[in-house]
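Undergrad: Give the three-dimensional model of this entry:
(chains A and B)
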Amino acid sequence: MSAPQVLGLVAALGGLVVLLELLRRRTLREKYALIWSVLLLVSLVGAIFPGMVYRLTDAIGLEVPANLIFFVAFLVLFGLSVQFSLELGRTEERVRTLAEELAILRLEVEQRNAPPTDSEPPVDEV
Amino acid sequence: MSAALPRTLVVVPAWNEAATVGEVIAEIKRQVDVDVLVVDDGSTDTTAEVASEAGALVARLPFNLGVGGAMRAGYRYALRHGYDVAVQVDADGQHDPADLPKLVAALDGADIVIGARFAHKEDTYSVRWLRWWAMLLLAWVLSRVTRTRLTDVTSGYRAANRRGMAAFARHYPAEYLGDTVESLVIAARLGCVIRQVPVTMRTRGGGRASHSPVRSAIYLARAVVALVLALTRRWDDE
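TA: Numbering: from 1, shown residues only, chains lettered A, B, ... in the order given. Now for the predicted structure:
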């Protein structure tokens, strides 16, 4: 086994272990874990069978296999970043809406607890 | 001046405006018989307490959302509590409550009325032309979109009837600029009739942050982008 092969293998396996651990601790959600594990498995296959990468490079018409890998990696990472930006934006919008609802609800609760006629003190509240 | 107003809620978005918000509320209450809702936009000072003491309803946002978030909450509250009209007034005292009945009256035949400052004697910054340009461009495009002559589209002094409120409550954008310019595009595209009424603006207590050339350029760029996006986007009418 050549050095690059070992490197690729170690990196891909290490990544998988980290993923599994995060999943086990329930800090990573499955929908994200799926994307990452597919990517890691693809790179694992590439590390074990470098011949496939070479053949694919030839088929596309590229000179250097590294260029193919960088190109694909760039595309994938770009796509994921956009995807995360979308998710983040959606989450922000939801948080914003919840904050607005919370403010309105708090006001309504206060209005209910403290009627304008101060004949009786409202129920003790902290 | 106290001709019977429709059931009106004045919404005052306030972020750390404890110094001025009390006087603004008191002045509104002196001029017109309306409910005042202060949306405290995550202030770290005593804005909420001051507003409450001055006799306003206070909705506290748990953290700062910007004027867009504060206003959307305000419009939603107004809709749910059956107000006929909602008027946005800034907490820094630059909007004169004396103009309020005029704004509300203009809603007869319009869904949204903007209180526009006509003769503004702004300080003569060396960079003023760029900002001026941005204003002109925005006003020109929006006049076209709304099919009415608008001169001051960034004014935060505006009144809305229930139709206008519904448009704002659903689609009020969060971003700055969004809150004034884009919301008008949205409202117009949702079929709201928009008019403007001349009002006098007073110099604000705190003083606006100065506009460097870079800021003005960014302002112009963002305005154009916001406009293009708002104009080309689809708005689900409902």
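
Undergrad: Distance check, the residue positioned nearest the centre of chain B against residue B:53.
TA: Residue closest to the average C-alpha location in chain B (CA atoms, centre = their mean): residue B:156, at 2.6 Å. Distance, residue B:156 to residue B:53, by CB to CB, to the nearest Å: 24 Å. Where you see a C-beta, it was placed from the backbone N, CA and C, and this is true even at glycine.

Undergrad: Repeat that for residue A:64.
TA: From residue A:64 to residue B:53 the distance is 73 Å (CB to CB).

Undergrad: Look at those two and report which has more neighbours.
TA: Between residue A:64 and residue B:53, counting by other CB atoms under 10 Å in any protein chain shown, residue B:53 is the more crowded of the two (12 against 9).

Undergrad: What's the separation between the nearest residue to residue B:141 once chain neighbours are set aside and chain A?
TA: Distances taken as CB to CB, 6 or more residues apart in numbering or on different chains place residue B:227 nearest to residue B:141, at 5.7 Å, with adjacent residues excluded. As for residue B:227, its distance to chain A is 20 Å (criterion: CB to the nearest CB, to the nearest Å).

Undergrad: One more: residue B:21?
TA: With CB to the nearest CB as the criterion, residue B:21 and chain A are 16 Å apart.

Undergrad: show me the residues around that residue that make contact.
TA: B:12, B:14, B:38, B:47, B:50, B:51, B:54, B:91 (CB atoms under 8 Å, 6 or more residues apart in numbering or on different chains).

Undergrad: Hmm, residue B:49 and residue B:43 touching each other?
TA: No. Counting by CB atoms under 8 Å, residue B:49 is not a contact partner of residue B:43; they are 9.7 Å apart.

Undergrad: So these two - more neighbours on which side?
TA: Between residue B:43 and residue B:49, counted using other CB under 10 Å, residue B:43 has the larger neighbour count: 22 against 14.

Undergrad: Can you tell me which residues in chain B are near chain A?
TA: By CB under 8 Å from any CB of the partner chain, the residues of chain B that approach chain A are B:37, B:39-40, B:57-63, B:65, B:69, B:72-73, B:76-77, B:80, B:174.

Undergrad: Report all helices and strands that the helix or strand harbouring residue B:215 contacts.
TA: If you go by DSSP states H and E, residue B:215 is part of helix B:213-232. Here helix B:213-232 touches helix B:128-146, helix B:183-189, going by 3 or more CB pairs under 8 Å, 6 or more residues apart in numbering or on different chains; DSSP states H and E.

Undergrad: Comparing the ones you listed, which yields the minimum mean pLDDT?
TA: Across the helices and strands packed on helix B:213-232, helix B:128-146 has the smallest mean pLDDT, namely a mean of 79.

Undergrad: what mean pLDDT does stretch B:21-38 have?
TA: Stretch B:21-38 comes out at a mean pLDDT of 92.

Undergrad: what's the offset of it from the middle of its chain?
TA: 16 Å (CA atoms, centre = their mean, to the nearest Å).

Undergrad: Could you do stretch A:84-95 as well?
TA: 12 Å.

Undergrad: How about stretch B:53-63?
TA: For stretch B:53-63, the distance to the chain centre is 18 Å (CA atoms, centre = their mean).

Undergrad: So what would you say the end-to-end distance of it is?
TA: By CA to CA, to the nearest Å, the extent of stretch B:53-63 from end to end equals 22 Å.

Undergrad: nearest spatial neighbour of the residue nearest to the centre of chain B, skipping sequence neighbours?
TA: residue B:90 (5.2 Å).

Undergrad: again, but for residue B:100
TA: For residue B:100, the closest residue by CB to CB, 6+ apart turns out to be residue B:32, at 5.4 Å.

Undergrad: And for residue B:183?
TA: residue B:172 (5.5 Å).

Undergrad: How about the contacts made by that neighbour?
TA: Residue B:172 touches B:68, B:71, B:72, B:75, B:179, B:183, B:186, counting by CB under 8 Å, 6+ apart.

Undergrad: for residue B:24, same thing?
TA: Counted by CB under 8 Å, 6+ apart, residue B:24 has contacts B:12, B:89, B:90, B:91, B:92, B:93, B:97.

Undergrad: Identify those among those that sit within strands.
TA: residue B:12 (DSSP state E).

Undergrad: Which one (most neighbours) among the contacts of residue B:24?
TA: When neighbours are counted by other CB under 10 Å, residue B:91 leads the contacts of residue B:24 with 30 neighbours.

Undergrad: Can you tell me which helices and strands the strand or helix carrying residue A:105 packs against?
TA: Assigned by DSSP H and E, residue A:105 belongs to helix A:65-113. Under the contact definition 3+ CB pairs under 8 Å, 6+ apart, helix A:65-113 sits against helix A:30-48, helix A:50-60, strand B:35-41, strand B:57-61, helix B:67-80.

Undergrad: by contact count, what packs against the longest one?
TA: Going back to what we said before, that points to helix A:30-48. Going by 3+ CB pairs under 8 Å, 6+ apart, helix A:30-48 lies up against helix A:3-24, helix A:50-60, helix A:65-113.
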